[in-house]
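A.B. asks: the following block contains a protein sequence and its predicted model.
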Amino acid sequence: DNEYKLWIGIFMLITLPLSSAHVLKQAFVQFMFLAGRVLMVVLMIGTVISALADPESARFGEQIGPENDAPMARPRNTMTIIQTAIFATSFQFSVPAVAGISRDKKQMTKIFRHALSLVYLSNTMLALFVVLFFGSLTDQSCNLNWSDY
């Protein structure tokens, strides 16, 4: 619990000053955040694929090998999945600010389409692999399944 509070504090120290900075001054830090997100998704998918390939040696804390029950894969849970997906892909408030400083506004649709496609694809792949391995043992925030990795 104290470790969680520490990371919340570190996050605040990084993000609060950025909230008052001009968008152009945030470019490098935002790029590093993006690179970190991409790296984490790749690592999370990679470790689950590795665990699925060799279930006998896969250990995530007390869980050994893949779980056989994936409740969100049942058709009756489709509405829950759709509601979660809509909430998770809501645009951030900074999109108009980024579009406002763009020199070529005609390209913004293409850029946001590619960015949104990347987000959909990476989140879908991550969700599929996480559910295949963790099943009903998937934590509410799936990154918590790696806490004992």
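C.D. replies: Structure's in. What do you need?
A.B. asks: give me the low-pLDDT residue ranges for this structure?
C.D. replies: 23-24, 64, 68-74, 81, 84-99, 101, 149 (pLDDT under 70).
A.B. asks: ranges for the helices of the chain?
C.D. replies: 2-19, 27-53, 78-88, 95-101, 108-134 (DSSP state H).
A.B. asks: will you turn those helices into JSON lines that also has distance to Ser141?
C.D. replies: The C-beta positions use only the backbone N, C-alpha and C, and glycine is treated the same way. Below are the helices of the chain laid out as JSON lines (distance: least, Cβ to Cβ, whole Å):
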{"stretch": "helix 2-19", "distance to Ser141": "11"}
{"stretch": "helix 27-53", "distance to Ser141": "12"}
{"stretch": "helix 78-88", "distance to Ser141": "12"}
{"stretch": "helix 95-101", "distance to Ser141": "24"}
{"stretch": "helix 108-134", "distance to Ser141": "11"}
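A.B. asks: residue farthest from the centroid of this protein?
C.D. replies: Arg103 (29.4 Å; Cα atoms, centre = their mean).
A.B. asks: show me what contacts the closest residue to Pro66 other than its chain neighbours?
C.D. replies: Leaving out its chain neighbours, the residue that sits closest to Pro66 by Cβ to Cβ, 6 or more residues apart in numbering is Phe133, at 4.8 Å. By Cβ atoms under 8 Å, 6 or more residues apart in numbering, the contact list for Phe133 reads Val48, Ala51, Leu52, Ala58, Phe60, Pro66, Glu67.
A.B. asks: who's in contact with the last one?
C.D. replies: It stands for Glu67. Glu67 touches Phe133, Phe134, Gly135, Ser136, Leu137, counting by Cβ under 8 Å, 6+ apart.
A.B. asks: ok, the residue nearest to the last one when sequence neighbours are not counted to Ala51 distance?
C.D. replies: Spatial nearest neighbour of Leu137, chain neighbours left out: Glu67 (5.0 Å); criterion: Cβ to Cβ, 6+ apart. With distances taken as Cβ to Cβ, to the nearest Å, Glu67 is found 11 Å from Ala51.
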